[in-house]
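K.L.:
Starting from these lines, generate the structure:
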Amino acid sequence: MPREACTARALCYNSAVNQRDLLHAAADALEKNSAAARGSKVLVGLDGFVDEIIAVVDKRETATNFSRISTITQLAQRIGAAAGNSASIELVVERVKLGGNGPIMANALAAFGARTTYLGALGSPRVHPAFTKLADNARVISVAEPGHTKALEFDDGKIMLGTLPSLHGLSWGVLKTKVGCDKLLRLMDEVSLVAMANWTMLAGMTEIWRRMQKEICPKLSRGREQLFFADLADPTRRKTEELREALNVLRGFSPTFRVVLGLNRHEAALAAHALDMPRTENAEVEKLAAFIHDKLQLDSVVVHPREFAVSASPRGLVRVEGPFTPKPKLSTGAGDHFNAGYCLGRLLGLDDAGALQAGVGTSGFYVRTGKSPSCRELAKFLKSLTK
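P.N.:
Numbering: from 1, shown residues only. Sure, this is the predicted structure:
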């Protein structure tokens, strides 16, 4: 069915298959193909952060007990009231963990059993202790020091406060010096998925993509069997023309890979604006995804708000509802877990709706438990949603 026949409310896949059937089909595919997941090879890069997960204190009751500021709006009001005066806001570090879009996604893929290689900023000359679990479950190649993030968590979202001088210097020259073109070619040639995360915070990423296309892609041996997944991270701080350039460079991977661009709702609006879509601010997610796909002609453009996910591809426009919870145990990394689940679905041969279901299911499991699921845990979770 051509995309023109689909509308934002009556989508191609959902007109034929209901949510319950989709949940069961995705769960069955995950159970049957868990061995295939363990055989999949993936390469993920390039960022790296040490995350402090932080609660913001509203009222301190005792030395060990306090109530939280539960929403970003409440924090904004507290800060706004301090204008012209001053304020003291207490932060409580609840845990320290590996961070960065790439490491979180890689960790989730490794939890599925995928044979994962991570290339990026995990510490130099030694890998930072925050990445010990990733190093235990994956092959890691570290080329720079990680950034650091204070992640303020709320019921309605999160605020990420980052310092990242080492990431600004991560360039094609660094990769050539510390890894080498021959090894990078071998790393990319042996995998079924190459995922490059956090374009926004790596100032050299566009040039890295451009040089990969010139120096690596012509030598790859597998044609368009492989997936190339790109994650922008919030590009608000980058200039529109920089984002437009990056999106057009990303398109240059299409002769070699099946290219997927993953976005949240805000990122999709910014990307559509950079590609000259009028009135993106309140545009429906389906229209944003379809517009970006039509402009870039990638394999897929995937947009994942908190409540659902949409895919636009030559196969049509698909929307899948997610297992949204208003009270997440942990929200930092939810999008990266969606990306991992979606890519797992694609690697296992699921159709667009099935891959989206694997994505929203992985994210839903993670925000409820604070951990990355195995294939069997994800399948069990998806089946539980049908009861």
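K.L.:
Quick check: mean pLDDT of the longest helix anywhere in the chain?
P.N.:
Of all segments of type helix in the chain, defined using DSSP state H, the longest is helix 352-369. Helix 352-369 comes out with an average pLDDT of 96.
K.L.:
next SSE after it?
P.N.:
With elements assigned by DSSP states H and E, the helix or strand that comes after helix 352-369 is helix 375-384.
K.L.:
That following helix vs helix 352-369, what angle?
P.N.:
Orientation check (axes from the mean of the first three to the mean of the last three CA atoms, to 10 degrees): helix 375-384 against helix 352-369 gives 100 degrees.
K.L.:
Which other helices and strands does helix 375-384 contact?
P.N.:
Applying 3 or more CB pairs under 8 Å, 6 or more residues apart in numbering; DSSP states H and E, we find helix 375-384 packed against helix 19-32, helix 34-39, helix 352-369. From N, CA and C alone the C-beta is placed, and that goes for glycine too.
K.L.:
now for whichever helix or strand comes after the shortest one, which elements pack on it?
P.N.:
To tie it back to what came earlier, the one meant is helix 34-39. The helix or strand immediately downstream of helix 34-39 is strand 41-45, counting by DSSP H and E. Judged by 3+ CB pairs under 8 Å, 6+ apart, strand 41-45 is in contact with helix 101-111, strand 115-120, strand 193-196.
K.L.:
how does it look with 10 Å?
P.N.:
helix 101-111, strand 115-120, strand 139-142, helix 181-189, strand 193-196, strand 227-231, helix 334-347 (3 or more CB pairs under 10 Å, 6 or more residues apart in numbering; DSSP states H and E).
K.L.:
so who does the residue nearest the centre of the chain touch?
P.N.:
Nearest to the geometric centre of the chain sits residue 336, at 3.3 Å (CA atoms, centre = their mean). Residue 336 is in contact with 44, 99-109, 195, 197-198, 231, 233, 262, 362-363, 366, 372, counting by CB atoms under 10 Å, 6 or more residues apart in numbering.
K.L.:
how about a cut-off of 8 Å?
P.N.:
Taking CB atoms under 8 Å, 6 or more residues apart in numbering, we find residue 336 in contact with 101, 104-105, 108, 197, 231.
K.L.:
re the thing from before, restrict the longest helix of the chain to CA atoms and write it as CSV.
P.N.:
This file holds the C-alpha atoms of helix 352-369, laid out as CSV (Å, rounded to 0.1, in the frame of the first residue of the first chain):
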residue,chain,number,x,y,z
ASP,A,352,8.4,-2.7,10.9
ALA,A,353,5.5,-3.1,13.3
GLY,A,354,7.3,-6.0,15.1
ALA,A,355,10.5,-4.1,15.4
LEU,A,356,8.7,-1.1,16.8
GLN,A,357,7.0,-3.4,19.3
ALA,A,358,10.3,-4.8,20.4
GLY,A,359,11.5,-1.2,20.8
VAL,A,360,8.7,0.1,22.9
GLY,A,361,8.7,-3.1,24.9
THR,A,362,12.4,-2.9,25.7
SER,A,363,12.0,0.7,26.8
GLY,A,364,8.9,-0.1,28.8
PHE,A,365,10.7,-3.0,30.6
TYR,A,366,13.7,-0.7,31.3
VAL,A,367,11.8,2.2,32.8
ARG,A,368,9.9,-0.1,35.1
THR,A,369,12.8,-2.2,36.3
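K.L.:
how much space between the residue nearest to the centre of the chain and residue 231?
P.N.:
Residue 336 sits 8 Å away from residue 231, going by CB to CB, to the nearest Å.
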